[in-house]
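Asks: have a look at this prediction, sequence included:
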Amino acid sequence: MSLYGTGRGEGIGAAAIIATFVLLVHWFGAAANTVDTAYRLLFAGLPALGGALCYRFLRAQGRSRFAAFLTGAAYGSSPWLAALAQSPRELLAAALAPLALEAACRFDRPSSRRAWLPWTWLCIAAPFLGGNSTIAWLCGGLCLLGLVRTVTCGDRDANLPPLRMAIWTTCGAVLAAGNLVWLDTLAPIFGDAIALRSNDVLALHHTPHRLDIAAGLRVPGPVLLLFAGLGLLRRQRHVDSTTWLALAASGALPTLLGALPFLPHNTPLLAGAPMLAATGWWLTLLAIVVLATAGLDDFLDLPLRRRTALPWLLALCVLLASLLPTFGARTPEREWPLTLGLPCLAALLFAWR
C-alpha cells in the first residue's frame, strides 16, 4: 500500500491503518482504566473512527495522502479526545464531525456535488447521532457557513443551481438533527449528559481560574503544532490561514475567559453554554489539523522555498521548550512530550531532502 497512490484501494488501506493505530493507542492508553470491555472498546473505537474520517475530510480538501495520513492519525490520537471520553455524546460528535465537514466540502465542488447531494444532509446531521451535544452544534454551524460560502462565492455549476440545493440540504439536515436530538436513541448507552469543565478535558494541574499554557498545547500535540507553525512561517499557500487561526483562537477563548483573573468568570457566553469552555477546544484542534496538513504539503512540495523558515521554527521551538516548564506548566515533569518533542522534530526537518 502506497501513501502516494491515487487509487481507492490505497485510500481505504490508509484509513484502516489510521483506525487501527488510533484504536491501539487509546486501548492501551486512557481506555485501559475502564474495566468493562464494551465501554473500553467504545472509548477507543470512537477516536479511531474520528481519525479515519478526518483523513477523508483532509483528502476532500485536496491535501496529499501522506500529509492527511499523518495529521488524521494525530487528530484521532489527541489526548484531548481521550479525556473527552467522560462525555460519550461529545466524543461521538467529535468522531463524526469530520464526516459532516467532508460532505460540506464535497458539496462545494461541482465534480462531486451530484454524487454527494443525496447524502449531504444526512452526513451533516450525523454528529447529532449521540443526541444533543455542543460539538455537534459547533460542527453544524461550520457546515452551514460552508453551504453559505458555496452559494455566495463557491464553485458554481450551471446545471446544478447551488441555492436550491443548499436550501434543501439545510432543511433536511435541520429536520434530521432535530429528530436525532429528540429521539436520543443512544441514551441507554450514554446515559444522561455530563457537564464538563475545562479542567476535566485539559488535565489542568492547577487551582481554578489559573491558566496552564501547556494544557492548551497538549490538545493538538507537538506534531500538529510543528507542521502548523512551519506552514505559517512559510506563508500558507493552500488554505486561508487567517480564517483558521481565528477559528483556533475562538475555540480557546471560553477557557481564557474563565481562567484569566482580570476577566469576569460568569460571562454571558459561559453562562449560556456551560460546556463550551471544555468542548470549544474541538475548534482549536480542527483548525490546527487543517493548518498542519497544508503546511506539511507545502513543505513536501517545495522544501527549499523560504529557507529561513526552518531556522526560525527551530529557534521558536527551543525557546518554547525552555520557557514552558518555568512559566507555562504547573507540573513540568509531565510535559516532556512537548519540551522534548518540539525541538527534536524541528531539528529533523533539516535532514529532509
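Replies: Here it is on my side, so go on.

Asks: please spell out the segments of the stretch 1-150 of the chain that come in under the pLDDT threshold.
Replies: 1-7, 30-35 (pLDDT under 70).

Asks: the stretch 251-353 of the chain too?
Replies: Using pLDDT under 70, the flagged stretches of the stretch 251-353 of the chain are 259-274, 327-328, 353.

Asks: and the helices in it?
Replies: 268-272, 276-279, 281-301, 309-323, 336-348 (DSSP state H, counting those that start in this stretch).

Asks: mind listing what Ser133 touches?
Replies: 87, 89-90, 92-93, 127, 193, 279 (Cβ atoms under 8 Å, 6 or more residues apart in numbering). From N, CA and C alone the C-beta is placed, and that goes for glycine too.

Asks: and these, which is closest to Pro222?
Replies: Checking the contacts of Ser133 against Pro222 by Cβ to Cβ gives Thr279 as the nearest, at 22.7 Å.

Asks: so Phe69: helix, strand or coil?
Replies: The assignment at Phe69 comes out as helix when based on DSSP: H, G, I helix; E, B strand; the rest coil.

Asks: re earlier: now the helices of the stretch 251-353 of the chain as TSV including mean neighbour count?
Replies: Shown next, in TSV, are those (neighbours: other Cβ atoms under 10 Å):
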stretch	mean neighbour count
helix 268-272	11
helix 276-279	26
helix 281-301	24
helix 309-323	16
helix 336-348	17
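
Asks: of the ones you listed, which approaches Leu245 most closely?
Replies: That would be helix 281-301 among the helices of the stretch 251-353 of the chain, by Cβ to Cβ, at 7.0 Å.

Asks: for that closest one, packing partners?
Replies: When contacts are defined as 3 or more Cβ pairs under 8 Å, 6 or more residues apart in numbering; DSSP states H and E, helix 281-301 sits against helix 37-60, helix 65-76, helix 88-107, helix 134-153, helix 221-233, helix 241-259.

Asks: alpha carbons only: can I get that helix in CSV?
Replies: Presented in CSV, the C-alpha positions along helix 281-301 are these (Å, rounded to 0.1, in the frame of the first residue of the first chain):
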residue,chain,number,x,y,z
TRP,A,281,-11.3,23.1,22.1
TRP,A,282,-12.5,21.0,19.2
LEU,A,283,-12.4,24.1,17.1
THR,A,284,-8.8,24.6,18.0
LEU,A,285,-7.9,21.0,17.3
LEU,A,286,-9.7,21.1,13.9
ALA,A,287,-8.0,24.4,12.9
ILE,A,288,-4.6,23.2,13.8
VAL,A,289,-5.1,19.9,11.9
VAL,A,290,-6.1,21.8,8.7
LEU,A,291,-3.1,24.3,9.1
ALA,A,292,-0.7,21.5,9.8
THR,A,293,-1.8,19.4,6.8
ALA,A,294,-1.5,22.3,4.5
GLY,A,295,1.9,23.3,6.0
LEU,A,296,3.3,19.8,5.6
ASP,A,297,2.0,19.6,2.0
ASP,A,298,3.6,22.9,1.1
PHE,A,299,6.9,21.8,2.7
LEU,A,300,6.9,18.5,0.8
ASP,A,301,6.1,20.2,-2.5
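
Asks: then the helix or strand that contains Thr169 to CSV, C-alphas only?
Replies: Assigning secondary structure by DSSP states H and E places Thr169 in helix 162-183. As requested, the backbone C-alpha atoms of helix 162-183 are provided in CSV (Å, rounded to 0.1, in the frame of the first residue of the first chain):
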residue,chain,number,x,y,z
PRO,A,162,-26.5,25.7,-5.7
LEU,A,163,-29.0,27.9,-4.0
ARG,A,164,-31.9,25.5,-4.3
MET,A,165,-29.7,22.5,-3.4
ALA,A,166,-28.3,24.4,-0.4
ILE,A,167,-31.8,25.2,0.9
TRP,A,168,-33.0,21.6,0.5
THR,A,169,-29.8,20.3,2.1
THR,A,170,-30.0,22.7,5.1
CYS,A,171,-33.7,21.9,5.7
GLY,A,172,-33.0,18.2,5.5
ALA,A,173,-30.1,18.4,7.9
VAL,A,174,-32.1,20.5,10.4
LEU,A,175,-35.0,18.0,10.4
ALA,A,176,-32.7,15.0,10.7
ALA,A,177,-30.7,16.7,13.5
GLY,A,178,-33.9,17.7,15.3
ASN,A,179,-35.2,14.1,15.2
LEU,A,180,-31.9,12.7,16.4
VAL,A,181,-31.8,15.1,19.3
TRP,A,182,-35.5,14.4,20.2
LEU,A,183,-35.3,10.6,19.9
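
Asks: after it, next one along is what?
Replies: As assigned by DSSP H and E, the chain's next helix or strand after helix 162-183 is helix 187-190.

Asks: need the CA coordinates for that following helix. CSV is fine.
Replies: Taking Å, rounded to 0.1, in the frame of the first residue of the first chain, the C-alpha atoms of helix 187-190 are listed here in CSV:
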residue,chain,number,x,y,z
ALA,A,187,-29.4,7.4,25.7
PRO,A,188,-29.4,3.8,27.2
ILE,A,189,-25.7,3.5,26.4
PHE,A,190,-24.5,7.1,27.0
